[in-house]
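Student: I need the structure of the sequence given here:
(one chain, ligands or ions: 1)
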Amino acid sequence: MEIGFLGLGIMGKAMSMNLIKKGFKVTVWNRTLSRCDELVEMGASVGETPAAVVKKCKITIAMVSDPAAALSVVFDKDGVLEEISSGKGYVDMSTVDPETSSKISEAITSKGGSFVEAPVSGSKQPAEAALLVILAAGDKALYEEAIPAFNAMGKKSFYLGPIGNGARMKLVVNMIMGRYAHCSFLATSLNPKMRQYSNLLMSDCHLGAIATPMFKGKGPNMIKSNFSPAFPLKHQQKDMRLALALGDENAVSMPIAAAANEVKKSETPALPISLSSTASHSSFCALITDVTQFEMSSKIRSRT
Ligand SMILES: NC(=O)c1ccc[n+]([C@@H]2O[C@H](COP(=O)([O-])OP(=O)(O)OC[C@H]3O[C@@H](n4cnc5c(N)ncnc54)[C@H](OP(=O)(O)O)[C@@H]3O)[C@@H](O)[C@H]2O)c1
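Tutor: Presented below is the predicted three-dimensional model:
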């Protein structure tokens with residue numbers, strides 16, 4: 001089956017590579033076209049626009065940064081909507097809010113196409129290792145048709161019913177992760193004098209009741225101040241913001257998530273200038289570590 005793939009960022013690149021490795025014929029498009037080169041070397045074709053990809057492929061997948069990008073690839077000139085038609089499917093795997101997903105679904109189905117939202121749980125490494133968890137909702141027949149592609153990119157896919165449920169589930173998962181990340185990573189920075197015990201802290205966390213793959217994966221890099229992005233801070237903050245909107249909509253009070261979101265706002269004027277100008281593209285761990293060190297050093301300064 002020929003699959004189209006729109007968006008070759010950290011996640012989309014790894015996911016489309018796995019489709020090629022598992023034998024799919026893949027046609028790719030990325031806003032910055034040069035990012036298609038590596039995929040072409042692996043055997044992918046390039047579509048010049050999202051519309052051109054949809055024209056060529058029975059199923060087209062998108063993996064772009066946020067709601068604005070997800071809407072843009074569908075509704076803008078040369079977008080998906082220009083070529084979607086009966087018999088064609090569109091699968092958006094980006095993390096967006098339920099309203100964005102519903103808008104896309106209505107537009108696609110009004111032209112006779114079918115639509116599935118399928119955000120993923122798992123970051124760069126699971127994407128590379130085809131170990132994503134896929135949270136799908138929408139057209140059941142398209143979901144079933146896309147299962148071989150989902151299996152090529154992930155270890156498990158769930159069908160969650162009507163459009164919006166996949167987006168909601170993903171935002172809940174990332175809200176929990178964002179809160180957990182904030183608390184656990186504070187631990188690695190709490191006191192510069194404890195630095196020599198950082199490895200012990202890691203072992204303790206891996207062996208005890210709070211062990212998680214996330215802490216295991218990111219903790220050692222934080223100790224080494226290695227902040228190359230797997231899940232950029234700008235996306236983590238976007239997910240917290242969308243999860244908080246979900247809380248508003250359902251009148252659920254989420255004070256801890258709101259506090260974690262505040263920390264992740266990279267443009268916060270209270271942050272050190274060097275941090276606010278670079279943080280949005282870094283790993284979200286960088287911000288947590290730097291803010292914590294900044295807060296701690298401010299407190300130490302104010303006490304002395
Ligand atoms: N990274 C993770 O760990 C992770 C995990 C789970 C889910 N996600 C979600 O997966 C999605 C992609 O994440 P990522 O980490 O791959 O992001 P990324 O590396 O920042 O890549 C973003 C992609 O979106 C494209 N894009 C941005 N704005 C666009 C626009 N207006 N029109 C068309 N394309 C646009 C970018 O194109 P250019 O190359 O031209 O900039 C790029 O291909 C996000 O929704 C994110 O929340 C990420």
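
Student: look at His234 and report its pLDDT.
Tutor: Just to correct that, residue 234 is Lys rather than His. Here the pLDDT value assigned to Lys234 is 86.

Student: what helix or strand does it sit in?
Tutor: Lys234 is part of helix 233-249 when elements are defined by DSSP states H and E.

Student: need the CA coordinates for the following helix or strand past that helix. PDB is fine.
Tutor: Downstream of helix 233-249, the next assigned helix or strand under DSSP H and E is helix 255-264. Below are the C-alpha coordinates for helix 255-264, written out as PDB (Å, rounded to 0.1, in the frame of the first residue of the first chain):
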ATOM      1  CA  PRO A 255      -3.700  23.400  40.100                       C
ATOM      2  CA  ILE A 256      -0.600  21.200  39.900                       C
ATOM      3  CA  ALA A 257      -0.800  20.900  36.200                       C
ATOM      4  CA  ALA A 258      -1.300  24.700  36.000                       C
ATOM      5  CA  ALA A 259       1.900  25.200  38.100                       C
ATOM      6  CA  ALA A 260       3.900  22.800  35.900                       C
ATOM      7  CA  ASN A 261       2.600  24.700  32.900                       C
ATOM      8  CA  GLU A 262       3.800  28.000  34.300                       C
ATOM      9  CA  VAL A 263       7.300  26.600  34.700                       C
ATOM     10  CA  LYS A 264       7.300  25.400  31.100                       C
END
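
Student: mind listing what's buried along helix 255-264?
Tutor: 257, 260-261, 263-264 (16 or more other CB atoms under 10 Å). The C-beta positions use only the backbone N, C-alpha and C, and glycine is treated the same way.

Student: now those residues in a markdown table, with distance to the ligand and pLDDT?
Tutor: Listed next are those as a markdown table, based on distance: CB to the nearest ligand atom, whole Å; pLDDT from 0 to 100:
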| residue | distance to the ligand | pLDDT |
| --- | --- | --- |
| Ala257 | 16 | 88 |
| Ala260 | 16 | 83 |
| Asn261 | 15 | 86 |
| Val263 | 18 | 79 |
| Lys264 | 13 | 76 |
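
Student: of those residues, closest to Gly7?
Tutor: Nearest to Gly7 among the buried residues of helix 255-264 is Lys264, at 22.4 Å by CB to CB.

Student: Gln237 is in contact with the closest one, correct?
Tutor: Yes: with contact defined as CB atoms under 8 Å, Lys264 counts as touching Gln237 (4.0 Å).

Student: in the protein, which residue sits closest to the ligand?
Tutor: Residue nearest to the ligand within the chain: Gly9 (1.8 Å; CB to the nearest ligand atom).

Student: so what's that residue up against?
Tutor: Shown in contact with Gly9 (CB atoms under 8 Å, 6 or more residues apart in numbering): 35, 63-65.

Student: Val173 now?
Tutor: Residues near Val173 by CB under 8 Å, 6+ apart: 121, 135.

Student: quick check, pLDDT for the residue of the chain closest to the ligand.
Tutor: For Gly9, pLDDT reads 97.

Student: which phi and psi does it have?
Tutor: phi -80, psi -160 (degrees, to the nearest 10).

Student: from Val28, how far off is it?
Tutor: The spacing between Gly9 and Val28, counted by CB to CB, to the nearest Å, is 12 Å.

Student: which parts of the stretch 101-250 of the chain sit against the ligand?
Tutor: Contacts of the stretch 101-250 of the chain with the ligand, taken as CB under 6 Å from any ligand atom, map to 120, 123-124, 230-232, 235, 239.

Student: mind redoing it with 8 Å?
Tutor: Taking CB under 8 Å from any ligand atom as the contact definition, the stretch 101-250 of the chain meets the ligand at 119-124, 127, 132, 170, 174, 229-232, 234-236, 238-239.

Student: need the longest helix for this structure.
Tutor: When every helix of the chain is counted residue by residue (DSSP state H), the longest turns out to be helix 165-187.

Student: which strands or helices does the helix or strand just after that helix pack on?
Tutor: Later in the chain than helix 165-187, the nearest helix or strand by DSSP H and E is helix 198-207. Applying 3 or more CB pairs under 8 Å, 6 or more residues apart in numbering; DSSP states H and E, we find helix 198-207 packed against helix 165-187, helix 213-223.

Student: tell me which of those sits most buried.
Tutor: Most buried of the helices and strands packed on helix 198-207 by mean neighbour count (mean count of other CB atoms under 10 Å) is helix 165-187; its value is a mean of 20.
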